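Colleague: sequence and predicted model, in that order:
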Amino acid sequence: MTEDFDQFHWMLDMVQHIDMGLIVLDKDFQIQMWNGFMVHHSGKHAKDVQNRTLFEVFPEINEPWFRAKSQPVFELRCRSFIVWQQRPYLFRCRHVRPITGQLPFMYQNVTMHPMANTRGEVNHMFISIQDVTNEALASQTPRATAPTRTASS
């Protein structure tokens, strides 16, 4: 029993400290879980966002668009993706990387995952948010071209 408890505790610790945002939403889009990454980058504490709708906490998210994007997660039990090339971010969050400090927000790749309960019903989803600011910045910076050889060299 102690070993099971230890493993459960480790899993909770990983969820809170992983370098990725993790959010659990119910079908009404109420926030049920908000990890440490989200606290750190959004500046919003878990106790202040739990049991509030995502749209109350982030009014800049287009609600009809997000509901449509989430529909396959709940109805078809499949993942849904938002990539930074199509939409730079879902959650306007600050980034804290010194190299990319000149950017006004964190570029994000977002995946919405279905969460089945013990009866196999999907009444919740979790959202994973990956900081891809460095990747976005690198793709937008002109690359130095390699020197070309001339016929005389």
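Modeller: The structure has been received and is ready for your questions.
Colleague: state which helix of this protein is the longest.
Modeller: Criterion DSSP state H: the longest helix present in the chain is helix 2-17.
Colleague: for stretch 36-54, measure first residue to last.
Modeller: Terminal residues of stretch 36-54 are spaced 17 Å apart (C-alpha to C-alpha, to the nearest Å).
Colleague: before we move on, what about stretch 18-28?
Modeller: Between the opening and closing residues of stretch 18-28 there is a gap of 26 Å (C-alpha to C-alpha).
Colleague: buried residues in that stretch, which are they?
Modeller: Using 16 or more other C-beta atoms under 10 Å as the test for burial, stretch 18-28 gives 21, 22, 23, 24, 25. The way it works is simple: take the backbone N, C-alpha and C, and place the C-beta from them, glycine included.
Colleague: quick check: of the residues you listed, which lies closest to residue 34?
Modeller: Distance ranking of these against residue 34, using C-beta to C-beta, places residue 23 first at 5.8 Å.
Colleague: need the phi and psi values for the closest one.
Modeller: Note on residue 23: backbone dihedrals following degrees, to the nearest 10 are phi -140, psi 140.
Colleague: and what of the one 10 residues further on?
Modeller: For residue 33, the backbone dihedrals are phi -150, psi 140 (criterion: degrees, to the nearest 10).
Colleague: return the residues in contact with it.
Modeller: Applying C-beta atoms under 8 Å, 6 or more residues apart in numbering to residue 33 gives the contacts 15, 22, 23, 24, 46, 50, 126.
Colleague: okay, and the beta partners of it?
Modeller: residue 24 (DSSP bridges).
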